[in-house]
Every structure is written in structure tokens, then in C-alpha cells.
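Enquirer: Build me a model from this:
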Amino acid sequence: MQVSILGHSMNISQRLDKHVRSRVERLQRYLPGIEEVRVEFTRQSTKSDVPKCVELTVRRRRTLLRVEERNADPLVAFDLALEKMYHRIARYKGRRIDRKRGSAPAIEDAELLAAEALPIPEAEADLPAPKLVRIKTFQVVPMSVEEAIEQMELLGHDFFVFVHADDDRVKVVYRRRDGDYGLLQPEK
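Expert: Next up, the predicted model:
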């Protein structure tokens with residue numbers, strides 16, 4: 001398992017690095033086969049009491065799990081993000097096993113069953129599994145990123161799927177929490 005710890009606009013202390021690496025190693029117990037764990041710390045301002053953002057991303061075969069948390073103390077922010085990741089892994093494991101209900105579990109699912117079981121929080125245990133309730137179709141017109149952002153704003157959505165006019169590839173623009181925009185595009 002490869003562990004990457006990055007700091008954007010802030011330095012990662014040895015204490016923080018050691019804490020993160022020791023806690024991240026435990027994820028293998030809950031989700032075997034993790035290939036990469038990426039932890040990114042970001043400071044938005046030079047003030048010390050401004051919340052630090054922690055993005056925790058776990059990559060396993062064809063699965064990508066990601067959580068984000070903010071707190072003024074990076075250690076606390078990381079611990080909160082890790083707790084969220086444990087819940088996300090529990091939900092992921094539950095869904096993988098539910099899909100295979102009625103047949104013998106695949107090898108990947110057998111590994112999940114053999115791993116230490118995570119308790120599902122009571123609030124999530126009572127909720128029914130989400131289901132697909134609506135399918136939308138729309139006409140795709142090639143446009144630039146700026147046109148896609150304008151269309152997204154006109155529709156009042158948080159994201160917009162479009163075909164880029166320059167390279168005829170499907171891309172997604174989205175509004176970030178900080179009010180800026182992001183662009184998702186598939187690798188070539």
C-alpha cells in the first residue's frame with residue numbers, strides 16, 4: 001500500500017506525518033487490497049485558526065473512496081476524515097455484499113467478508129438502500145468550458161455534463177464548496 005501525504009500552502013510536521021501513517025495502516029484491516037492512500041492537507045489562509053481541509057482518498061482496484069473534512073487543527077481534521085472513511089468503507093462493503101445476495105460471493109467479496117466487520121451506525125442501519133428513481137436524457141451540444149459553466153448557472157445545478165468542442169470528449173464542470181469551479185475529464 002502506497003501512502004502519499006501532501007501539504008498545500010502548509011508544511012507537514014513529522015508528528016503529523018507519523019500520526020497519519022500509523023492510522024492509515026489500519027485501513028488494510030477493514031478493506032484488504034488497498035493500493036494507494038492519498039492524504040492532502042490544505043490551508044486556505046495564513047491565519048492559524050482558519051480550518052484546514054483534509055482530503056482522504058483510498059484507491060482499491062477499480063474503486064475510489066474519498067472523504068473531506070475541515071478543522072482548525074490538522075490532526076483533528078484528519079481523525080474526523082478517517083472516521084468518515086471507516087463509515088464509507090462499511091457502506092461500500094455492505095453494498096458489494098448486497099449486490100451478490102443470492103449467489104456465492106465473488107473472490108473480491110470473499111475478501112471483504114473475511115475482513116474485520118465494521119459496525120454500521122444506527123442512523124444508517126435503519127435507512128433503506130438508495131435506489132435509482134429517475135433517468136434524465138438530454139441533447140449533448142459541443143461547447144467550451146465557459147459555455148458549460150454559464151449553462152450550469154442558468155439551470156441552477158451544481159454540475160453540468162457536456163462534450164468539449166475542442167476534443168469531442170465528455171467532461172463535467174461542477175461548483176466547489178468555496179464557490180469556484182472544477183472540471184472532471186477522463187484520462188486518455
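Enquirer: Against Leu183, how distant is Leu65?
Expert: 22 Å (C-beta to C-beta, to the nearest Å). Every C-beta, even on glycine, is put in place using the N, C-alpha and C of the backbone.
Enquirer: of the two, who's got more company?
Expert: Leu65 (19 against 12; other C-beta atoms under 10 Å).
Enquirer: Find the nearest non-adjacent residue to the more buried one, please.
Expert: Val58 (4.6 Å; C-beta to C-beta, 6 or more residues apart in numbering).
Enquirer: All the helices of this structure, residue numbers only.
Expert: 14-24, 27-30, 74-99, 107-114, 122-125, 145-155 (DSSP state H).
Enquirer: Mind putting the ones you listed into TSV with mean pLDDT and mean neighbour count?
Expert: Putting these into TSV (pLDDT from 0 to 100; neighbours: other C-beta atoms under 10 Å) gives the following:
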stretch	mean pLDDT	mean neighbour count
helix 14-24	91	14
helix 27-30	86	16
helix 74-99	82	17
helix 107-114	49	13
helix 122-125	53	9
helix 145-155	86	15
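Enquirer: could those go into CSV alongside distance to Cys53?
Expert: Formatted as CSV, the helices of the chain follow (distance: least, C-beta to C-beta, whole Å):
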stretch, distance to Cys53
helix 14-24, 14
helix 27-30, 20
helix 74-99, 7
helix 107-114, 30
helix 122-125, 24
helix 145-155, 23
